[in-house]
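# Curious how this folds, go ahead:
(one chain, ligands or ions: 1)
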Amino acid sequence: MLSRARSSATSTAEDRIRMEVVRRLRGLPGPPIILLNKIDRSSPPLKFQFITQSILREGVEKADPATMTGCQKCRPHMGQNIGCEYTKKCDCLEYAAIDVKRLNDITKPIYDRYIAGKDVDLSQLPKRFPYFSNGDNTGCLVPFYLNERHPIYECNKYCMCGPGCKNRIVQHGRQVDLVIFKTKDRGWGLKSTQGLRQGQFIDTYRGEIITDAEATRREKATSSSLNSYLYSLDKFAEENELKPEELYVVDGEYFGGPTRFMNHSCEPNCRQYTVSYNKHDVRVYEIAFFAYRNIEPSEELTFDYLDKDEEEEEEGAPPPSQEKPVDAQGETKPVECRCGSKKCRKWLWM
Ligand SMILES: C[S@@+](CC[C@H](N)C(=O)[O-])C[C@H]1O[C@@H](n2cnc3c(N)ncnc32)[C@H](O)[C@@H]1O
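A predicted model of the protein is given here:
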């Protein structure tokens, strides 16, 4: 009798936690996010809170708002009705990927000077629009951006192109339904009940944006693998000569969005991309997940925790290792990878 009473009290507590998590999920904007557990009676921890915007913690500052300018020459209707379609005119696309195929006798010498490291006016050069602007793939990231990982500069509230501009996808937020589900052997994971197209936006990675010093303090204060939830905002570090201690870090452990539940795969179906609304802010920007290939309904969504940009990839992906990885302090933080891929590198962290 006693053990029966105990077990029913436990289930009530578990049920209450689940109901509270479901209540929180229902309060979020956008298509539904479902909680699914066919494995046991647990729920994601209540100390984790869903947020819709990252929280800037002490010592973290966005660039002066005065630096956030919008495109001034664009208009909502410029012919094909896709907003900033004339990429040479659009100030927001100044730093977009250069479309080398469209260089001509006038722009090629400018491009060559740019490649040689000279200071040039990039607005002169033809750019690549990051998203498909018509057809079945409208809104999906084009293959060039998908593969090259060039930062995406979306239009912003100061732009003259208007809210319907096709250079605004991530800022409109998640448009796909999601399921946070319990996996057999990797805690919680994420999937969608709908099929996703290659290049389709899923959601951003949100959390507390903290200084590098605070990230180090948090890492030292915990014995758990906190690094699972820390994401360094270092995309622009090298070109802007930012020192490691000047960088900010997103911590999604206690505050975040559903993407915080995405597991790692050595052969992932999603990748993360840099999205900026202010080209002058090199320290605070969005990390956005896009489908890297077509994804079947209910296929688990994964990304590579050690994902490298193309240039770094050319140096070669880390080989599968039988040895336990060791960090800079010589401590092992072995988390065995259970992604199940043929290309599995065996460990989550190298
Ligand atoms: C960002 S969290 C992902 C969500 C996590 N599964 C949860 O329940 O909160 C990262 C942690 O998930 C687990 N994990 C993610 N991918 C894994 C994989 N491929 N193999 C083993 N564990 C994995 C590890 O415990 C890792 O530290």
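
# To what extent is whatever residue of the chain ends up closest to the ligand buried, counted in neighbours?
In the chain, the residue that lies nearest the ligand is G187 (2.6 Å; CB to the nearest ligand atom). Glycine gets a C-beta too; all of them are placed from N, C-alpha and C. G187: 11 surrounding residues under other CB atoms under 10 Å.

# Quick check: residues of the stretch 251-350 of the chain near the ligand?
260-261, 263-264, 335, 337-339, 348 (CB under 6 Å from any ligand atom).

# List buried residues within those.
Among these, those scoring as buried are 260-261, 263-264, 335, 337, 339, 348 (criterion: 16 or more other CB atoms under 10 Å).

# hmm, back to that, confidence score at the residue of the chain closest to the ligand?
The model reports G187 with a pLDDT of 95.

# quick one, what contacts it?
261, 263 (CB atoms under 8 Å, 6 or more residues apart in numbering).

# any idea how far it lies from R283?
31 Å (CB to CB, to the nearest Å).

# now I17
Applying CB to CB to I17 and R283 gives a distance of 37 Å.

# between the two, which one's more packed in?
Taking other CB under 10 Å, I17 and R283 do not tie; R283 has more neighbours (19 against 16).

# Quick check: beta-bridge partners of the nearest residue to that one once chain neighbours are set aside?
Using CB to CB, 6 or more residues apart in numbering and skipping residues adjacent in sequence, the residue nearest R283 is Y248, 5.4 Å away. Beta bridges link Y248 to T211, judged by DSSP bridges.

# I'd say Y248 and V60 touch.
Yes: with contact defined as CB atoms under 8 Å, Y248 reaches V60; the gap is 5.5 Å.

# Mutual contacts of those two, please.
209-211, 284.

# So between Y248 and V60, which is more surrounded?
Y248 (25 against 18).

# show me the contacts for the more buried one.
Here Y248 is in contact with 60, 209-212, 232-233, 283-284 (CB under 8 Å, 6+ apart).

# Would you list the buried entries among these?
60, 209-212, 233, 283-284.

# Just the helices from the chain, written as ranges.
If you assign secondary structure with DSSP state H, the helices in the chain sit at 2-26, 107-115, 143-148, 212-221, 310-314.

# In the third one, which residues are buried?
In this case it means helix 143-148. For helix 143-148, by 16+ other CB under 10 Å, it's 145-146.

# let's number from 15 now, not from 1
Sounds good: first residue 15 from here, last item helix 157-162.
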